[in-house]
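# Quick check, what structure comes out for this input:
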Amino acid sequence: MDPIPRRYSLVAQVGDILQEEIKTGLMRDVLPSELDLSRRFQVSRPTIRDALEILRKAGLIESSRGQNHRIIPQKVSVEAPRKAGGVTVLGFAPLDELSPFSLSLMSQIQLAVGSKHEVRIVSNSNLTTPAALRDLTSRERQLCWVLIGPPADVLHWFEANRLPCLALAPSIRSKEIPILAMDMQSVMMHAFSLAMQRGYSGPYLLIPANRQTSETARFFAEAQAKHPQRDAALYSHDTTMIGVRRAVEKIMRSKKGDDHPPLILVVRPKHALMALSVLRAQDLKPGMHYGLISIGRENYIDYVIPTMACYTIKRQRLFKKFLRMLSEILDSGYTRPGLFSVIADFYEGETFPRLGGQ
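Next up is the predicted model:
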């Protein structure tokens with residue numbers, strides 16, 4: 001999804017995004033038209049013009065009457081390539097759209113290895129194509145590439161190119177890359193057990209459509225196969241508010257009139273928050289009409305009423321393990337590849353109360 005400017009000056013952020021894409025080579029030759037940029041960023045054309053003026057003053061673009069803005073080729077240094085000695089941390093969304101957890105991990109990496117190695121952070125939603133990855137990695141010879149929440153195809157690209165890297169990712173198996181992830185297998189088994197113990201139907205897994213083939217979905221299917229008597233199912237969505245609402249409404253319609261409220265298990269805290277908003281808008285009550293658990297926890301869900309039940313890994317425990325693996329790569333050039341699962345803790349919340357008599 002294209003980055004949508006927010007939080008500070010729209011003009012400044014549009015300029016920052018375009019400048020980053022020009023400097024990293026994601027945009028070349030000419031910019032899209034003002035109308036196309038306006039539609040992409042969902043801002044007015046005057047805002048786009050002001051942002052383009054920033055780029056023009058920076059010497060990044062020039063314009064001709066009746067033509068799109070031409071990108072001025074940037075001078076490339078003829079210095080010999082720098083020896084590999086740094087770490088590049090890759091995020092796959094604009095920095096202002098990354099989760100607080102991801103930003104905190106980036107900060108911990110800088111603190112842990114910044115005194116010995118240069119740490120560069122690159123975060124952009126356009127870093128998922130083979131062309132963009134080739135361009136970036138050919139310019140940056142690094143001791144380690146740190147991938148935070150990479151899509152599966154990005155992970156497979158790094159595998160195929162045998163670049164030294166470490167990933168914090170959803171449960172994706174790899175024979176070449178060390179990947180740290182929440183233990184989704186135990187999460188799914190625990191969720192099925194809790195639903196039975198507390199008298200809920202399900203669970204019903206709410207998952208982004210692009211994760212339907214992930215290990216998370218596979219572990220859910222395995223748990224479902226072990227409990228064939230359970231009316232459990234997987235519902236996908238397109239990550240938008242409308243998509244989440246449709247999926248939640250579909251679950252609630254399927255359970256209308258059922259004596260057992262559905263337990264909705266949501267991958268990603270922000271989507272759990274969307275689901276809760278949908279349920280509250282319909283004046284549905286936890287315990288009476290539904291149960292809701294977030295897989296993952298961010299600071300903002302601690303301020304939600306009703307309080308959110310969730311599976312989470314204690315941040316410092318995960319950071320310590322991740323930084324130890326990164327240190328092994330930087331010191332010796334190797335750490336054992338594979339999926340390293342970290343057991344999650346379950347936190348009680350008002351969105352998943354015990355039913356009467358349970």
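
# mean confidence for the helix or strand containing residue 220?
Counting by DSSP states H and E, the element that carries residue 220 is helix 215-226. In this model, helix 215-226 has an average pLDDT of 92.

# Over to stretch 126-139?
Mean per-residue pLDDT for stretch 126-139: 88.

# Stretch 269-278 now?
Across stretch 269-278, pLDDT averages out at 96.

# buried set for it?
269, 270, 271, 272, 273, 274, 275, 276, 278 (16 or more other Cβ atoms under 10 Å). No exception for glycine: its C-beta is placed from N, CA and C like everyone else's.

# Now do that stretch: everything it contacts.
The contact list for stretch 269-278 (Cβ atoms under 8 Å, 6 or more residues apart in numbering) reads 99, 206, 208, 237, 239, 241, 244-245, 248-249, 264, 266, 292-298, 300-301, 304, 306, 308, 310, 351.

# From the buried residues of stretch 269-278, pick the one nearest residue 333.
Using Cβ to Cβ, the shortest approach to residue 333 within the buried residues of stretch 269-278 belongs to residue 269, at 35.3 Å.

# list the contacts for the nearest residue to residue 352 once chain neighbours are set aside?
Closest residue to residue 352 apart from its sequence neighbours, by Cβ to Cβ, 6 or more residues apart in numbering: residue 309 at 3.8 Å. Shown in contact with residue 309 (Cβ under 8 Å, 6+ apart): 291, 292, 293, 294, 346, 347, 348, 349, 350, 351, 352.

# Only the buried subset of the residues you listed, as a ChimeraX command please.
Selection command for ChimeraX covering only the buried members of those, criterion 16+ other Cβ under 10 Å:
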select :291,292,293,294,347,349,351,352
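
# from the contacts of residue 309, which is closest to residue 45?
For the contacts of residue 309, the nearest to residue 45 is residue 294 (39.0 Å; Cβ to Cβ).

# Next, that closest one: secondary structure please.
strand (DSSP: H, G, I helix; E, B strand; the rest coil).

# so how far is residue 325 from it?
According to Cβ to Cβ, to the nearest Å, residue 294 and residue 325 sit 26 Å apart.

# try residue 332
Counting by Cβ to Cβ, the gap from residue 332 to residue 325 is 11 Å.

# okay, these two: which has more neighbours?
residue 325 (21 against 8; other Cβ atoms under 10 Å).

# wait, that one sits on residue 335?
Yes - at 5.1 Å, residue 325 and residue 335 qualify as touching, with contact defined as Cβ atoms under 8 Å.

# Give me the common contacts of these two.
166, 178.

# Residue 26: neighbour count?
18.

# which residues touch it?
Residues in contact with residue 26, defined by Cβ under 8 Å, 6+ apart, are 20, 124, 126, 132.

# Verify the contact between the second one and residue 24 for me.
Think residue 124. Yes - with contacts counted by Cβ under 8 Å, residue 124 reaches residue 24, the gap being 7.1 Å.

# doesn't residue 249 make contact with residue 206?
No - between residue 206 and residue 249 there is no contact under Cβ under 8 Å: 11.6 Å.

# So for those two, which residue has more residues nearby?
Between residue 206 and residue 249, counted using other Cβ under 10 Å, the more crowded position is residue 206 (25 against 13).

# Now that one: phi and psi?
Dihedral angles of residue 206 (phi, psi; degrees, to the nearest 10) stand at phi -100, psi 120.
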